[in-house]
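Visitor: from the sequence below, what's the structure:
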Amino acid sequence: MIQPLPVVILLVATMLAGCATSPAPPTTPVPQTAQPIATVAAAALPATTPSAWIGRWHAPEGRFLQIMPSAQSGVYQLVLGDADGRQTRFAATASDDRLYFTRAGNALAIRAGTGTETGYPALAARPQCLIVVPGPEGYCRTPASADALPLAPGAYAPVTDNCWAPAPASLLYFNGRALTAPQTLACRTPIVDQTGVIFTLDVRCDSADPTQAPPRQWITVADAQRFAVEDEHGVTELYKYCPATELPPGMRLQAD
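Guide: Below is the predicted model of the structure:
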């Protein structure tokens, strides 16, 4: 079962501080920044509340919009990634079911919408989308995968491991659609619920007993390269991103 929210927030604060060994919890209280619960899988359209938009949203050719909370109430951190791999950061303010920000001198408002409004034919059938500029620019995500996780694709090792010599069984891989372990690379990990930066995932494998409920994980994202994962037994592990160039050669292909 998932830990009480203050405990999870302490874990995220520790991860943001950065560490190479097992982290110790902070000695001072950390304000809660997680947002009200939003059931991702159940909604036909994205919720109109910006607090429910945390995570990544995607457009064709590798474009994405990432939304994360900040320490200031009602203010969010945006990252816009373009087709050339460039990333631009903005601060956005929530008001009237919109996220307002300024780009290149232009005031813009992000709102909930549908795939048809994005202007991309490939997204036309998607129901869960955010619109930046109707027609030219919009982003979508699907609850049937883990693509809403605001993580860089690649390999992740426990923070206590060295990337160049990790325990193979301890690695996790994120390919933009699923977060899997070496023994479950062919499995799916759809997001079934979300509370702010805490994402609930099921591990669904075709070989599993269909009469049994799929194993569940809770992923608390600190930033694009660090997260905590808690399993059904309450065991929590902190993970860090490992560039493919730092991994042993035999593990690099799985991280690609």
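
Visitor: the helices in the stretch 1-150 of the chain, which residues?
Guide: 5-17, 115-118 (DSSP state H, counting those that start in this stretch).

Visitor: weakest of the ones you listed in terms of mean pLDDT?
Guide: Note on those: helix 5-17 shows the lowest mean pLDDT, a mean of 46.

Visitor: remind me which residues of the chain are low pLDDT?
Guide: Where the chain drops to pLDDT under 70, the residues are 1-45, 253-256.

Visitor: so for the residue nearest in space to the middle of it, what's the nearest residue that isn't a sequence neighbour?
Guide: In the chain, the centroid-proximal residue (C-alpha atoms, centre = their mean) is residue 149; its distance is 1.8 Å. Spatial nearest neighbour of residue 149, chain neighbours left out: residue 199 (6.0 Å); criterion: C-beta to C-beta, 6 or more residues apart in numbering. From N, CA and C alone the C-beta is placed, and that goes for glycine too.

Visitor: show me where the stretch 101-250 of the chain has its strands.
Guide: In the stretch 101-250 of the chain, the strands defined using DSSP state E, counting those that start in this stretch lie at 106-113, 129-133, 137-140, 154-158, 172-174, 179-180, 191-195, 198-202, 216-223, 226-230, 236-242.

Visitor: turn those into a markdown table, including mean neighbour count and distance to residue 87.
Guide: Listed next are the strands of the stretch 101-250 of the chain as a markdown table, based on neighbours: other C-beta atoms under 10 Å; distance: least, C-beta to C-beta, whole Å:
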| stretch | mean neighbour count | distance to residue 87 |
| --- | --- | --- |
| strand 106-113 | 17 | 17 |
| strand 129-133 | 21 | 15 |
| strand 137-140 | 25 | 14 |
| strand 154-158 | 22 | 15 |
| strand 172-174 | 21 | 17 |
| strand 179-180 | 24 | 21 |
| strand 191-195 | 21 | 23 |
| strand 198-202 | 22 | 21 |
| strand 216-223 | 21 | 13 |
| strand 226-230 | 22 | 17 |
| strand 236-242 | 20 | 15 |
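
Visitor: looking at the ones you listed, spot the one closest to residue 72.
Guide: With C-beta to C-beta as the criterion, residue 72 lies closest to strand 216-223 of the strands of the stretch 101-250 of the chain, at 16.6 Å.
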